[in-house]
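Enquirer: take a look and give me a structure for this.
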Amino acid sequence: MNLKQLGQLTKRASKILPTISTEVKQEILIAMAAQILESADQIKRANQQDLESAQEKGLSNAMIDRLTLTDGRIQAMADSLKEVASLDDPVGAIAEQYERPNGLVVQRRRIPLGVIGVIYESRPNVTVEAASLCFFAGNGLLLRGGSEAFHSNQILVKILKLVLAKYELENVINMVPNTDRSSVDEMAKMNEELDVIIPRGGEGLIRRIYEIATVPVIAHYKGNCHLFVDESADLQKALEITLNSKVQRPGVCNALETLLVHESVAKDFLPDMLDAMAQQQVEIRGCSTTQSYSEEVVEATHEDYDTEFLDLILAVKVVKDLPAAIEHIQTYTSDHTEAIISRDETNIEAFTKSLDSSAIVVNASTRFNDGGQLGLGAEIGISTTKLHSFGPMGLRELTTTKFVVTGTGQVRE
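Expert: Coordinates of the predicted model:
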């Protein structure tokens, strides 16, 4: 079966999904969670194959971290399936209702997007998150994972399909059975089979899909996330938040990449921050003022401020004031996540109004721009595309609306 045929199969199979009751979908998701836990040893064996290959290829520690499936992460996948099952079913929900002067009752009801193609790299947990969300939102799903996670993704899809097969729904989720680069190009042009493509991966992958796609694209672009320590900031909290944003999991898109510090607090904040980062083996690339506090700081370049490192590297710049911080962010933003640490409500309001990234975080870690952390249960990605959806994409973001118009015999004059 070629890729186009696999897409057609997914499309035919998924036509029934909007008619399946919430209770049955919840039952299936809970069964998937149980099957994931029962199959933990199989999953770890498959994942070990990928990890050994990653080591041989010399992938970075951050990339290997994204790839690794521990017992805790397998449990988290099962938990996310159950959490999605506990959410409100968006399919058929009435988003809006009103009556026209002529008596027509107009509703906007939520419907699935259709068949979604997800092209992604590294993290195999994306396989389960995408499957749970797309399925519960009534969408068919065609997955194309990266070569580095091929064995992990294959076993996860096999486990999910094992459950779906019991309900004669096996083909509502399918995975491209190879990692040929040509499959990405082909999927990007499968307009008859796919309704939308959601790419998750490196900047090169996203740009490539944008260049060639004829299928509509909702991009999960790079996360060049910023944090600004304002002159009124609680510096102890600022230190804790900066550390968490950078080192808690550096290889993910909502990790901090550039730290901006108000010049009036630099002398009190930077020494402690640089010491703390050194203890965590974080390389600092900073401006001349930042360099003056440590010989270990490497001179930052324009490229550094424009880079999503996904590693234990942090760009730092001391800025004159809030407007300078905002200007820097507006220059280098990827529209993902920006944060401010401040006790000045006027500055906080100016920061939140001036920037329009998918999440503006106040006095908290950038790591909270995440579907699970924001109450969506799980996410299929963090969209940096403002049309249709912006920010973490949960169930509602995987639907659109149709009009249902009910009359009592009205005719148009």
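
Enquirer: from here on, just use CA atoms for contacts and neighbour counts.
Expert: Will do.

Enquirer: any chance you could map the strands in the stretch 251-400 of the chain?
Expert: Assignment of strands within the stretch 251-400 of the chain using DSSP state E, counting those that start in this stretch yields the ranges 256-262, 283-286, 298-299, 313-319, 337-341, 359-362, 382-383, 391-392, 399-406.

Enquirer: and the last one, which strands flank it?
Expert: Pointing back at strand 399-406 there. Strand 399-406 has the following sheet partners, assigned by DSSP bridges: strand 105-112 (antiparallel).

Enquirer: now the partner strand - C-alpha only, PDB.
Expert: Output of strand 105-112 as PDB, limited to C-alpha atoms (Å, rounded to 0.1, in the frame of the first residue of the first chain):
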ATOM      1  CA  VAL A 105     -32.600  29.500  14.700                       C
ATOM      2  CA  VAL A 106     -28.900  29.600  13.800                       C
ATOM      3  CA  GLN A 107     -26.400  27.300  15.500                       C
ATOM      4  CA  ARG A 108     -22.700  26.900  15.200                       C
ATOM      5  CA  ARG A 109     -21.800  23.300  16.100                       C
ATOM      6  CA  ARG A 110     -18.300  21.900  16.500                       C
ATOM      7  CA  ILE A 111     -17.100  19.300  13.900                       C
ATOM      8  CA  PRO A 112     -13.800  17.600  13.400                       C
END
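
Enquirer: please point out which parts of it sit buried.
Expert: Of the residues in strand 105-112, 106-112 count as buried by neighbour count, 16 or more other C-alpha atoms under 10 Å.

Enquirer: ok so, going back, can you redo the strands of the stretch 251-400 of the chain as TSV with mean pLDDT, distance to residue 99 and mean neighbour count?
Expert: Output for these, formatted as TSV (pLDDT from 0 to 100; distance: least, C-alpha to C-alpha, whole Å; neighbours: other C-alpha atoms under 10 Å):
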stretch	mean pLDDT	distance to residue 99	mean neighbour count
strand 256-262	98	48	27
strand 283-286	98	60	22
strand 298-299	97	63	16
strand 313-319	98	54	24
strand 337-341	98	40	28
strand 359-362	98	35	21
strand 382-383	90	34	28
strand 391-392	92	32	24
strand 399-406	97	9	16
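
Enquirer: redo those strands as TSV? Include distance to residue 218.
Expert: Below are these laid out as TSV (distance: least, C-alpha to C-alpha, whole Å):
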stretch	distance to residue 218
strand 256-262	23
strand 283-286	32
strand 298-299	36
strand 313-319	28
strand 337-341	17
strand 359-362	17
strand 382-383	6
strand 391-392	11
strand 399-406	13
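
Enquirer: closest to residue 124 out of these?
Expert: The minimum distance between residue 124 and the strands of the stretch 251-400 of the chain falls on strand 382-383, with 16.3 Å, by C-alpha to C-alpha.

Enquirer: which other helices and strands does that closest one contact?
Expert: In terms of contacts (3 or more C-alpha pairs under 8 Å, 6 or more residues apart in numbering; DSSP states H and E), strand 382-383 is packed against strand 391-392.

Enquirer: could you redo the last one with a cut-off of 10 Å?
Expert: If you count contacts as 3 or more C-alpha pairs under 10 Å, 6 or more residues apart in numbering; DSSP states H and E, strand 382-383 packs onto strand 196-200, strand 391-392.

Enquirer: pairing partners for the last one, with directions?
Expert: Here strand 391-392 has these sheet partners by DSSP bridges: strand 382-383 (antiparallel).

Enquirer: now do the helices in the stretch 51-200 of the chain.
Expert: Secondary structure of the stretch 51-200 of the chain, counting by DSSP state H, counting those that start in this stretch: helices at 61-67, 71-85, 125-136, 150-165, 181-187.

Enquirer: check the stretch 301-413 of the chain too.
Expert: 302-305, 322-332, 345-354.

Enquirer: ok now do the spatially most central residue of the chain, which residues does it touch?
Expert: For the chain, the residue whose C-alpha lies nearest the mean C-alpha position (C-alpha atoms, centre = their mean) is residue 381; its distance is 2.6 Å. Listed by C-alpha atoms under 10 Å, 6 or more residues apart in numbering, the contact set of residue 381 reads 118, 120, 126, 129-130, 198-200, 218-221, 253, 370-371, 390-394.

Enquirer: look up how far residue 84 lies from the closest residue to residue 325 other than its chain neighbours.
Expert: Counting by C-alpha to C-alpha, 6 or more residues apart in numbering, residue 319 is the residue found nearest to residue 325 once chain neighbours are left out, at 6.1 Å. Here the distance between residue 319 and residue 84 works out to 42 Å (C-alpha to C-alpha, to the nearest Å).

Enquirer: do residue 37 as well
Expert: 16 Å.
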